[in-house]
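> Have a look at this prediction, sequence included:
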Amino acid sequence: MTTRPLTVIKCGGNPAVDIAGVCADVARLVAQGHSILLVHGGSGEIARLAEKLDVPQRTLVAPDQVSTRYTDPATLEVVVLALAGSVKPGIVAELSRRGVAAVGLTGLDGGMLQARRKTAVRAVVDGRTTVVRDNLSGRLGEVRTELVQTLLAAGFVPVVSPPAIDESGRPVNVDADRAAAALAAALRADRLVLLTGAPGLLADPGDETSLLSAYEVPPSGAPGGAVGGGMALKLVAAREALAGGVACVQIADGRVPHPVGRALAGSGTTVAIRDRSHDEEGG
């Protein structure tokens, strides 16, 4: 395990996220002696490529309002092409231009991200809960850190994305936020920063001035309140990282100049797990 401060950064797939700014901040942190692991998604590129290849896209919304990408075989192929073939090389090249030695990986490499395929997924369709069975997504389980530990110890910045590998040795799609959380916990990272296309968690999703500087997520179940969509999934990921031992998790704006530096200085939303005793007192 590296003895330098380790920060896991997840770049949102939102096209508005300033990847060049993220890479510039990573270069500064590396120069200051930090270890960085960068996890990325790529929803914008996935959507662009899916449209180009005429692959229909569908979102599954669970009863707890957490939304995920429906992944049939054609969509899985698009996800892999977009992340490993376009987004990742762009990030690695940008880091290289800034003097950072980066290595691009997926969860398949070294069996890093182990998952169990979800044989059935509950989703709300037209107000009714249905079961979707032909979905090539997985639930993360074991994280094998040997490969990234070796790279971090040698001074490299691993750049990681889905897919993961399932129990049959086949690729499955997993959420990049939850992958970042799982890696942060397994590596005992000092901090997890989830960068997104918003200032952080908003009290009113339509009002960017309603930023919540802190938020306590319930210890289990739905993330709470009226939070839904991709932000709900970020809160689930934050909870998993905190439960796994990560000391600090922040959801911060990836669109602003110096997005990582600002997050480390306290901007965005700091997430904590609500004390169960509060729920008991309220009940």
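Received, thanks.
> buried stuff in the host helix or strand of V236?
Assigned by DSSP states H and E, V236 belongs to helix 229-243. Of the residues in helix 229-243, 230-242 count as buried by neighbour count, 16 or more other C-beta atoms under 10 Å. From N, CA and C alone the C-beta is placed, and that goes for glycine too.
> Below-threshold pLDDT in the stretch 51-200 of the chain: ranges please.
63-66, 125-126 (pLDDT under 70).
> Please, where are all the strands along the stretch 101-250 of the chain?
Ranges of strands in the stretch 101-250 of the chain, per DSSP state E, counting those that start in this stretch, are 102-106, 113-117, 121-125, 128-132, 138-143, 157-161, 164-165, 171-172, 191-196, 214-217, 248-253.
> Output the ones you listed in a markdown table; the columns should cover mean neighbour count and distance to V80.
Formatted as a markdown table, the strands of the stretch 101-250 of the chain follow (neighbours: other C-beta atoms under 10 Å; distance: least, C-beta to C-beta, whole Å):
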| stretch | mean neighbour count | distance to V80 |
| --- | --- | --- |
| strand 102-106 | 21 | 8 |
| strand 113-117 | 21 | 13 |
| strand 121-125 | 15 | 20 |
| strand 128-132 | 11 | 21 |
| strand 138-143 | 18 | 14 |
| strand 157-161 | 26 | 9 |
| strand 164-165 | 25 | 11 |
| strand 171-172 | 23 | 7 |
| strand 191-196 | 27 | 22 |
| strand 214-217 | 17 | 31 |
| strand 248-253 | 24 | 27 |
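> who wins for proximity to A203 among those?
The closest of the strands of the stretch 101-250 of the chain to A203 is strand 214-217. By C-beta to C-beta, the value is 9.6 Å.
> The helix holding V236 - what's its average pLDDT?
For helix 229-243, mean pLDDT rounds to 91.
> roughly how far apart are the closest residue in space to G261 that isn't next to it in sequence and D109?
Nearest non-adjacent residue to G261, counting by C-beta to C-beta, 6 or more residues apart in numbering: D25, 5.1 Å away. Counting by C-beta to C-beta, to the nearest Å, the gap from D25 to D109 is 25 Å.
> who's more crowded, those two?
D25 (24 against 17; other C-beta atoms under 10 Å).
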